[in-house]
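> Test case, fold it:
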Amino acid sequence: MSVRNHRIVAKRASGDGRLRSSDREIGLAAYDFAAPRLFLEAPLAAGARVALDRAQANYLLNVLRLGPAADVLAFNGRDGEWRMQVQPEGRKSATLLALSQTRPQTPLPDLVYLFAPLKHARLDYMAQKAVEMGAGSLRPVLTRRTQAGRVNLDRMRANAVEAAEQCGILALPEVRAEEKLEAALAALEPNRVLVFCDEDAPIADPIAALAAAPPGPLAVLIGPEGGFDPSERDVLMARERIVRLSLGPRILRADTAAVAALAVVQAVRGDWRGGSLRRGD
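Numbers count the residues shown, from 1 in each chain. Next up, the predicted model:
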């Protein structure tokens, strides 16, 4: 993990990095916003010891100034979330000792997010917000009007990890390599409903449009700035299970449209109303 992915919350930790007793008493052990939170690749289980890479150790020891026996939370996307104890080994290295599981592993959300790539910082923002909004699969699609070139998958994964660290997410989304629009659409399961953001949607109310959609798992598609060209629109309209979603009277930038569309989907068909959008449900 790079240093840019260490923006983790520690504002209610005491000077030595341990949680205050008052925080424990009000039940924050189950969902703790005070302890630093790290993504680790290693398996996690009671008694496991995980050596931190240099950037992680530097951040905990020299930036946050956590001392011996300080608490941090860790997850790997497979084994749930664990409370870990910091065990420094000098000023530049440290090991984490797994004490107890704070939350069991959650399944990956069954919400596919397809998007025309943007450039640099705006793509970083879009990837982070999609993860925060519950996307379980990030799939860049190349259209005739896509302005960005090849997608840096390592950077996109790093942004997904950062969002998961900051927001208490346990299941890391799948990150796929870019595909042409036609191939990406063909890869969707036949029963998956494609939510296609379209300024010319026949139903102006996006909530009404989603409420009238057929049942089934969802995919959300955000096109390039400038929209799809006519031949691409023909391909989209040829699909049987689509919802043309209007996002209001204003023209939105692609990264703004992504947040708006995912919010409407979660509010109408997702976990904001008690639904799950999780695989296998």
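> Do a quick rundown of the strands in the stretch 51-200 of the chain.
71-75, 81-88, 94-103, 111-115, 137-142, 174-175, 179-180, 193-197 (DSSP state E, counting those that start in this stretch).
> Just say which of those is most tucked in.
Stretch with highest mean neighbour count among the strands of the stretch 51-200 of the chain: strand 111-115 (a mean of 26; mean count of other C-beta atoms under 10 Å). (Each C-beta comes from the backbone N, C-alpha and C, glycine too.)
> for it, packing partners?
If contacts are counted by 3 or more C-beta pairs under 8 Å, 6 or more residues apart in numbering; DSSP states H and E, strand 111-115 sits against helix 120-132, strand 137-142, strand 218-222, helix 254-269.
> and with 7 Å instead?
strand 137-142, strand 218-222 (3 or more C-beta pairs under 7 Å, 6 or more residues apart in numbering; DSSP states H and E).
> for stretch 37-52, which positions count as buried?
37, 38, 39, 40, 44, 48, 50, 52 (16 or more other C-beta atoms under 10 Å).
> List the beta-bridge partners for the closest residue to residue 87 other than its chain neighbours.
Leaving aside its chain neighbours, residue 87 sits nearest to residue 95 (4.6 Å; criterion: C-beta to C-beta, 6 or more residues apart in numbering). Beta bridges link residue 95 to residue 51, residue 87 when assigned by DSSP bridges.
> Now that residue 95 has come up, it's in contact with residue 86, right?
No - Residue 95 lies out of contact with residue 86 (C-beta atoms under 7 Å); the separation is 8.1 Å.
> which one among the buried residues of stretch 37-52 gets closest to residue 238?
Distance to residue 238 across the buried residues of stretch 37-52 (C-beta to C-beta) is lowest for residue 39, with 40.2 Å.
> Please report the distance of the closest residue to the closest one other than its chain neighbours from residue 34.
Sequence neighbours aside, residue 161 is the residue nearest to residue 39 in space, at 4.8 Å (criterion: C-beta to C-beta, 6+ apart). Using C-beta to C-beta, to the nearest Å, residue 161 is found at 20 Å from residue 34.
> Same check on residue 66?
Residue 66 is 12 Å from residue 34, where distance means C-beta to C-beta.
> And those two? Which one has more around it.
residue 66 (24 against 20; other C-beta atoms under 10 Å).
> From residue 35, how far out is that one?
10 Å.
> one step back: a markdown table for the helices and strands packed on strand 111-115, including mean pLDDT and distance to residue 112?
Below are the helices and strands packed on strand 111-115 laid out as a markdown table (pLDDT from 0 to 100; distance: least, C-beta to C-beta, whole Å):
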| stretch | mean pLDDT | distance to residue 112 |
| --- | --- | --- |
| strand 137-142 | 96 | 5 |
| strand 218-222 | 96 | 4 |
